[in-house]
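What shape does this take:
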Amino acid sequence: MRYAICFTPPIHDPLSIAAAEWLGRNVYSDALCEQPSVAGLTHQDLAFHTAVPRRYGFHAGIKAPFRLAQDATEGQLLSALMRFASDLEPFDLAELQIAWLGSFFGLAPAQPSGEMAHLAASVVQAFDPFRAPLSDEELERLDPDKLTAPQFSNLHRWGDPFVMDEYRFHMALSGPVPSTLRPRVEAGLRTALGPLLGKPLEIRSLALFIEPERGAPLRVHSQHPLGKLAAHRPLRRADAAPLPLPGSVEADVAAALRRIPASA
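Numbering: from 1, shown residues only. Now for the predicted structure:
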C-alpha cells in the first residue's frame, strides 16, 4: 500500500467529470468511463496515450506516492492531514491552461503561484515523518543518473526529485505523445476541457490518494477541506474515525511546520 497527498477538484466539479471522461477513469469511484471521440485518433490511440495518467487519476501531485514508515499507521496519517488542512486558508490559482509539458499534455496555471509553492513545500516537510525510506529498487526506478544536482538532493532528502524549488503544479492529461499526433491530441483536449478553463482554479481541499498495490490504479481515499470545516469532519470514504496521532509523531509534524520559512 502506498499513499500520496494531492489536489483534485471535488467529485461533482465539471472539471473532474470532463477529465474522468477524457482519461477513461473516475479517480473517486475507480469506475471506467467511455472516452470521447477525437478527430484523427482511433479509440485505441486515445486509450494508449492516456494510459499513464489514467492509472494515476486526475490530480496535481504534491507529495508523491510513499510507503508508510514502520511506526506510522493510516489512521495517524489521516488525523495529521485533517489537522494540517484545518490550519490552512483556501486560495485560488490563476486560470489553468492546456500546456505541453516537455513530452506530455496537462493543465498548468497561467502564472506561477507563491501560495501553491508554499503549500507544496509545507506538505512535503510536514508529512515526511510518515514516509518510509526509498528502497534501492525504488531509487533505481527514478533513474537518478538523469537528475540535476538539486533534483538528486531532493530525491535523497525528500524521496522525490521534483519538490521545493523544482516543484511545478500540473495535472497530467496524457503520456508521451509523438510529434505527429500532438495537434490532434491538443485539439481533442481543447474541445473536451477548454470551455471549463477560463476561470481561476479554487484550491479548497487536499486529497489523500491510495495505491492498494504496486501498479494498481490510484484513487481518492479521503478529501480534506482547507479551513475550519476540516477540524470538524473530513470528507472520508469510510465512516471510521481516524486513530489519534501519537505525541512523538505529532511533535515531528509540528517541528517540521516550524522549519518552513515564511517566504517559501
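
buried sites along the strand or helix carrying M116?
Under the criterion of DSSP states H and E, M116 resides in helix 114-126. Neighbour-count burial for helix 114-126, with 16 or more other CB atoms under 10 Å as criterion, is recorded at 116-126. For every residue, glycine as well, the C-beta is placed using N, CA and C.

Also stretch 188-201?
Counting neighbours by 16+ other CB under 10 Å, one finds that the buried residues in stretch 188-201 are 188-189, 192-193, 196-197, 201.

From W158, how far out is Q125?
From Q125 across to W158, the span is 8 Å (CB to CB, to the nearest Å).

same deal with A85?
20 Å.

cool, and V123?
Distance, V123 to W158, using CB to CB: 11 Å.

do the same with T42
According to CB to CB, T42 stands 41 Å off from W158.

Comparing those two, which shows the higher neighbour count?
More crowded of T42 and W158, by other CB atoms under 10 Å: W158, with 20 against 10.

Now do the helix holding M116: which elements does it pack against?
If you count contacts as 3 or more CB pairs under 8 Å, 6 or more residues apart in numbering; DSSP states H and E, helix 114-126 packs onto strand 60-66, helix 74-86, strand 91-93, strand 201-203, helix 247-258.

Averaged pLDDT, that helix. What do you get?
Per-residue pLDDT values over helix 114-126 give a mean of 97.

Over to stretch 186-200?
Stretch 186-200 shows a mean pLDDT of 94.

how far out from the middle of the chain is that stretch?
Its chain's C-alpha centre and that of stretch 186-200 lie 20 Å apart, by CA atoms, centre = their mean, to the nearest Å.

Same check on stretch 69-77?
Its chain's C-alpha centre and that of stretch 69-77 lie 20 Å apart, by CA atoms, centre = their mean.

got the end-to-end distance for it?
One end of stretch 69-77 to the other measures 10 Å (CA to CA, to the nearest Å).

Counting neighbours, which bits of it end up buried?
In stretch 69-77, counting by 16+ other CB under 10 Å, buried: 69, 72-74, 76-77.

likewise stretch 202-211?
Buried residues in stretch 202-211, defined by neighbour count with 16+ other CB under 10 Å: 203-211.
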